[in-house]
Every structure is written in C-alpha cells, then in structure tokens.
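S.K.: this is the structure alone, sequence omitted:
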C-alpha cells in the first residue's frame, strides 16, 4: 500500500526540491559585500555599498533560466572616510540626489568552467546604461551558495568624475568592482 | 666655519637647519591655507598631498634639529639682556620647538582620521596614527588651526625680538644666525 503512494509523491517532491533549492536565492547581508576599489593618487582604497537588494534565480544545471537583478543604494557608499563619502555623493561623482540607485539586470548566463560562469547584463550607474560581462565563481553546498565576481570598470564610461576629474588621473580611471554574496536558498512558504 | 656650534657661535648645520626650516614653515602656511580654501578639484587634492608630504618631511627635520641642538653647545645669550628677558627667550624657544612638533603631529592625526591614503614622494605609504573617525578629525583640525595661530604669534615674537636685539641692543643675536657671518663680522657695530 505504501509503495505506490510514495512513488506518486516522489516526482512531485523532486519538482518542488528543484524549484526550492536550485532556483531562488536570498542574500545573507551580514556576510555579503558589494563595492569597489578605486585609487587616490595611486593608492587603492576600498569602498562598499551598505545597502543593496538582489533577486537571484540560479541553477548551475539550468543556466538558461538564471536571472540576476541587483539594485544598489548608491547613497549608502562607505569608504570609511566621511569626507570622501560626501565627495562621492556629489554632483561630479555619483550624484546620488539625482541617481539614487545603480542597477544590474542579467540578460544571459553561461558556464565557462567547473565553478565558473559568465554573466551578461545591463549595468546602469548615474543614468548611463552599458552592456557588461561579469565572470563569476559559484560554489554551492545544498541550500547555501557563495557567489564571487570581480571586474574592472572605467569610471568615465559612467560619467563618474566629471569636469576636471574626467581627464585627471589623481582619482584613477580604472575601478575594480567586487561582489561577494553569501546566499541562502529560498525555503518553502 | 665649523659644522658644530660653539658656546659663542652657531655652526653651519644649525644655521642651515634654522633657515631651511624657516622657509619650509612659511611655505607650509601658504600651502595649507591654499589647500583648505581652494575649491574641490584635482589641484586641491594635490595641494593637500604636498602640504602633507612636506609636513611629514618637516617633522623628520625638526626631530633631527632637536637632536643636533641637544648634541651641541648652545651659544650663550648676549650679555646686555634684561633679567626677565632670559627666561622669556628660553620659554619662547622651547615653545617654538613644541609647536614645530605638534603642528605636523596634529596634521598627521587629521590625515589618519580623515582616512585618505598618502604616498610620501610617491614612494612610501604613510601609516595611520589614529582611527578613521570624523569627530576626531574635526577635533584635530581645531587643534591644528589653533596651533597655527600660536605659531604665528610665536614667530612674530621671535622675529620682533631678533630685530630688537639687532637695532635696539645692537648685539650679535641676529647676525650670528646669518650665513657666512660668524663672530668675526658680528658683535657690536656702532
């Protein structure tokens, strides 16, 4: 009596498990970090964004269904220097009053190695939208995953640092963006 | 002329340090004032970078100067001074050294609390001597500015006293600090 019952439920369970474990992820904000390393007179300084939200659907086995939608509250910029943070919020830099958020929405994901993937998407900072490709590392242990990505952006591509800053190298043109997300699979409601 | 001091004259090292540091201090006043008041721009950042780089260099020079002074005899004060003038002269010189040290140190605290990186002469990364902290930065800025005005007052007293010695007492206090004028050309010239 029990056997047929179980066999009927199993495929359903598998379907649910796939949906729950493999697809939707929530960010563990305590441990996650999103920011960049820029340079001041040739010396790098680390900056993080204290507030961001991410909607992530990812299954390494089915990259075709993946979707990364990240929204960063640019005003939460924190480089451990009050003066510098205020400067970065200003009109010539992030201009946070006019452009409070930076957004990334993926368009395609593909696998490039054992734990390596590549994310194509559209990145909007300060109202400027550009196509970017972001290689990332994905390490998953059942309902927990870690995503790590690094890429170099040119600040002038997004009008970050206008006026004299646009041509002066004292604040370096290349900015290394880093994302380290600790993720928890969304559990059943 | 000797490199070292005697109890009658300043040696070449002491004179060179005196005038070189004097010129640097005036340059630092101008650089610091310009850096603070210039509108935000790459040039403003560069003014700060040079102000800080020269300030730390000055700190090293002043430390060497103090060591040199302690390792040498100090020329005796001229005999014509009034009794109350000697301790005043001594106190003002001690204060000048204190301010010459406190000025770059308070600047270093501002720099550390503001948490901007600095590579001295583009070579050596300056370590922090205070935590990144806006409140501490504001306090250190107040100290730095207050020290500046004390410094200005002490320098006016210093220059005024030197001129007073030269033109009123007509002694060699000023001339014996001038280059290429050791005791031979100094002294009382009526």
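M.R.: Here it is on my side, so go on. For clarity, every value in this text was computed on a predicted model and none was experimentally measured.

S.K.: need the contact list for residue A:160.
M.R.: A:93, A:94, A:125, A:126, A:175 (CB atoms under 8 Å, 6 or more residues apart in numbering or on different chains). (Glycine included, C-beta is placed from N, CA and C.)

S.K.: and the pLDDT for residue A:14?
M.R.: On the pLDDT scale, residue A:14 is placed at 46.

S.K.: same check, this time on residue A:28
M.R.: 97.

S.K.: mind listing what it touches?
M.R.: A:181, A:182, A:183, A:184.

S.K.: same question, residue A:48
M.R.: A:33, A:34, A:35, A:77, A:78, A:79.

S.K.: which of the residues you listed are buried? Put it as a PyMOL command.
M.R.: A single PyMOL command selects the buried members of those (16 or more other CB atoms under 10 Å in any protein chain shown):
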select buried, chain A and resi 34+35+77+78+79
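
S.K.: got JSON lines for the contacts of residue A:48, with distance to residue B:123 too?
M.R.: Output for the contacts of residue A:48, formatted as JSON lines (distance: CB to CB, whole Å):
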{"residue": "A:33", "distance to residue B:123": "31"}
{"residue": "A:34", "distance to residue B:123": "33"}
{"residue": "A:35", "distance to residue B:123": "28"}
{"residue": "A:77", "distance to residue B:123": "30"}
{"residue": "A:78", "distance to residue B:123": "29"}
{"residue": "A:79", "distance to residue B:123": "24"}
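
S.K.: now, which of the contacts of residue A:48 lie close to chain B?
M.R.: residue A:79 (CB under 8 Å from any CB of the partner chain).

S.K.: okay, and which of the contacts of residue A:48 map to strands?
M.R.: The strands, defined by DSSP state E, take in A:33, A:34, A:35, A:77, A:78 from the contacts of residue A:48.

S.K.: redo the residues you listed as CSV? Include pLDDT.
M.R.: Output for those, formatted as CSV (pLDDT from 0 to 100):
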residue, pLDDT
A:33, 97
A:34, 98
A:35, 98
A:77, 98
A:78, 98
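
S.K.: ok, so of those residues, who is nearest chain B?
M.R.: residue A:78 (10.7 Å; CB to the nearest CB).

S.K.: contact partners for the closest one?
M.R.: A:47, A:48, A:49, A:50, A:85.

S.K.: now render those residues as CSV, adding distance to residue B:157, pLDDT and secondary structure.
M.R.: CSV is the format used below for the contacts of residue A:78 (distance: CB to CB, whole Å; pLDDT from 0 to 100; DSSP: H, G, I helix; E, B strand; the rest coil):
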residue, distance to residue B:157, pLDDT, secondary structure
A:47, 47, 98, strand
A:48, 50, 98, strand
A:49, 53, 98, strand
A:50, 51, 98, coil
A:85, 42, 98, helix
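
S.K.: what segments of chain B are helices?
M.R.: Ranges of helices in chain B, per DSSP state H, are B:12-37, B:42-70, B:85-114, B:134-164.

S.K.: now chain A
M.R.: According to DSSP H, the helices that chain A contains are A:2-22, A:82-89.

S.K.: comparing those by mean pLDDT, which bottoms out?
M.R.: Lowest mean pLDDT within those: helix A:2-22, a mean of 47.

S.K.: skipping its backbone neighbours, what lies nearest residue A:63 in space?
M.R.: residue A:109 (4.5 Å; CB to CB, 6 or more residues apart in numbering or on different chains).

S.K.: quick one: contacts for the one you found?
M.R.: By CB under 8 Å, 6+ apart, the contact list for residue A:109 reads A:58, A:63, A:64, A:66, A:68, A:117, A:118, A:119, A:120.

S.K.: which of those sits closest to residue B:118?
M.R.: residue A:119 (36.8 Å; CB to CB).

S.K.: can you give me the pLDDT of the closest residue to the closest one other than its chain neighbours?
M.R.: Nearest residue to residue A:119 in three dimensions, chain neighbours excluded: residue A:134, at 4.4 Å (CB to CB, 6+ apart). Looking at residue A:134, its pLDDT reads 96.

S.K.: for residue A:134, give its distance to chain B.
M.R.: According to CB to the nearest CB, to the nearest Å, residue A:134 stands 27 Å off from chain B.
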